[in-house]
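Undergrad: mind looking at a prediction? Sequence and model below.
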Amino acid sequence: MKELSPDEIRSFQQERGLHVTGELNDQTKRALEESRWKLGDRSLNLQPSPMMRGDDVAALQARLTEMGFNAGRVDGIFGERTESAVKEFQKSVGIKVDGKCGPATIIALIRLTKIVSGGAPAQMRESAKQRNRGPALANKVIVLDPAFGNDEAEIVYDIAQRLEGRLLALGASVFLTRGPKNVLTENEIITFSNKNSADLVISLHTDKHSNPDAHGVSTYFYGSDAHGVHSIVGERFASLVQRELCARTDLLNCRTHAKTWDLLRLTQAPAVRVDLGYLTNPGDAARLARPDFRDTLAEAFIIAIQRLYLSAEDDAKTGTLRLSDLRSAGIRR
């Protein structure tokens, strides 16, 4: 592989939904390795850790999904659900059922792939699963991940605690990924969330920039332009969070963005990361230092979470719903 210039690395990182640094870090190296595989280049099968990853796996998942087989999220990782979908496909076309995507399976896929809207069945399943959980927050499992950077740790941990108290009052089960001083790694957070069947994962951060004029709030969800897929529930929740935060505060709306960061990609539950302003901006820093502002942020998150589970007819205009409305509607436990 030829050596890439910083500009080429930045362009690749932007295309793949990674942190745009211009540096060839470990995550970028993994993404470069995944990008070199096209469907048919190699035989695909379930392996013990590390699992097979690549654009060829994503293409396989997308094709199976388009034909109605549940391969799970199109994430480019050949896991148990992908193997199960391959077996179902093999059974349906009358070829050897071994869960391996070799030449015979590739040929059958090429012959039978339908031209339909990419990923629609998976999106329908994801939406139905979310609706079936019902509107009440009682018994829902929510993982809060306050970042542990040098400057942001105290701020986001305090906001997470305020959010935790409100969620507990509404009957949710809440897990914080760290205490005041101890912290889980990203891989530990992903494993913990998946093992405990989390309903939502919310990662709280602040941002910084060399230009002190940079300011505002941004929210991120799993999505890959390279693979043409995204988490439909994750995107909806990111939009709800962004809208409520901007409606209830004077933070600049820096919009929602699809990314392929591991926490968003590998967590089975809908996951979002929220950057709650720039500590390098005097205005944002002053806002985040105020206890009343942190309370407003916590309430905005609560309402966004509740709105995710409300049906359209029970929803309300952005920025108008209050915790008292949830209690009066009998949603609070």
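TA: Great, that's in hand.
Undergrad: run a quick neighbour tally on the closest residue to Leu252 other than its chain neighbours.
TA: Among residues not flanking Leu252 along the chain, Gly216 sits closest, at 3.1 Å (Cβ to Cβ, 6 or more residues apart in numbering). For the C-beta atoms, the positions are set from N, CA and C on the backbone; glycine is no exception. By the criterion of other Cβ atoms under 10 Å, Gly216 has 18 neighbours.
Undergrad: who touches Gly216 in this structure?
TA: 251-254, 277-278, 284 (Cβ atoms under 8 Å, 6 or more residues apart in numbering).
Undergrad: how does it look with 7 Å?
TA: 251-254, 277 (Cβ atoms under 7 Å, 6 or more residues apart in numbering).
Undergrad: out of those residues, which two sit at the greatest distance?
TA: Within the contacts of Gly216, Asn253 and Gly277 form the most distant pair, 11.7 Å apart (Cβ to Cβ).
Undergrad: okay, and the common contacts of those two?
TA: 216-217.
Undergrad: more neighbours: which of the two?
TA: A side-by-side neighbour count of Asn253 and Gly277, using other Cβ under 10 Å, places Gly277 first with 31 against 14.
Undergrad: just give the closest residue to that one, not the sequence neighbours.
TA: Spatial nearest neighbour of Gly277, chain neighbours left out: Asp284 (3.5 Å); criterion: Cβ to Cβ, 6+ apart.
Undergrad: doesn't the one you found lie inside a helix?
TA: Yes - per DSSP: H, G, I helix; E, B strand; the rest coil, Asp284 lies within a helix segment.
Undergrad: any idea how far it is from Lys100?
TA: According to Cβ to Cβ, to the nearest Å, Asp284 stands 52 Å off from Lys100.
Undergrad: ok, those two, which is more surrounded?
TA: In this view Asp284 and Lys100 are compared by other Cβ under 10 Å, and Asp284 has more residues nearby, 24 against 17.
Undergrad: helix, strand, or coil at Ala226?
TA: In three-state terms, and counting by three-state DSSP, Ala226 is coil.
Undergrad: residues in contact with it?
TA: Contact analysis of Ala226 by Cβ under 7 Å, 6+ apart lists 15-16.
Undergrad: if we go to 6 Å?
TA: By Cβ atoms under 6 Å, 6 or more residues apart in numbering, the contact set of Ala226 is Arg16.
Undergrad: could you measure from it over to Val74?
TA: Relative to Val74, Ala226 is positioned 11 Å away (criterion: Cβ to Cβ).
Undergrad: among the contacts of Gly216, which lie within strands?
TA: Secondary structure assignment by DSSP state E places 253-254, 277 of the contacts of Gly216 in strands.
Undergrad: which of the residues you listed lies closest to Lys38?
TA: Taking Cβ to Cβ as the measure, Cys254 is the one of the ones in strands among the contacts of Gly216 closest to Lys38, at 35.1 Å.
Undergrad: if I look at the closest one, what pLDDT would I see?
TA: Here the pLDDT value assigned to Cys254 is 97.
Undergrad: CA atoms only: put stretch 91-99 into PDB for me.
TA: Only the C-alpha atoms of stretch 91-99 are listed here, as PDB (Å, rounded to 0.1, in the frame of the first residue of the first chain):
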ATOM      1  CA  LYS A  91     -31.300 -23.000   2.500                       C
ATOM      2  CA  SER A  92     -33.700 -20.900   0.400                       C
ATOM      3  CA  VAL A  93     -31.700 -21.400  -2.900                       C
ATOM      4  CA  GLY A  94     -30.900 -25.000  -2.300                       C
ATOM      5  CA  ILE A  95     -27.100 -24.900  -1.900                       C
ATOM      6  CA  LYS A  96     -24.900 -26.300   0.900                       C
ATOM      7  CA  VAL A  97     -25.900 -24.800   4.200                       C
ATOM      8  CA  ASP A  98     -22.700 -24.100   6.000                       C
ATOM      9  CA  GLY A  99     -22.900 -20.400   6.900                       C
END
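Undergrad: which helix or which strand is home to Val201?
TA: Secondary structure from DSSP states H and E places Val201 in strand 200-207.
Undergrad: contacts for that strand?
TA: Residues outside strand 200-207 that contact it (Cβ under 6 Å, 6+ apart): 142-147, 152, 156, 160, 193, 263, 267, 269-279.
Undergrad: now with 7 Å?
TA: Here strand 200-207 has contacts from 142-147, 152, 155-156, 159-160, 193, 237, 263, 267, 269-279, 288, 305, using Cβ under 7 Å, 6+ apart.
Undergrad: which of those residues fall in strands?
TA: Reading strands off the contacts of strand 200-207 with DSSP E, I get 142-146, 271-278.
Undergrad: got a winner among these for most neighbours?
TA: Result: Gly277 is most packed of the ones in strands among the contacts of strand 200-207 (other Cβ under 10 Å), 31 neighbours.
Undergrad: if I look at that one, what pLDDT would I see?
TA: 96.
Undergrad: any idea how far it is from Asp250?
TA: Per Cβ to Cβ, Gly277 is found 11 Å from Asp250.
Undergrad: let me see the contact set for Thr191.
TA: So Thr191 contacts nothing (Cβ under 7 Å, 6+ apart).
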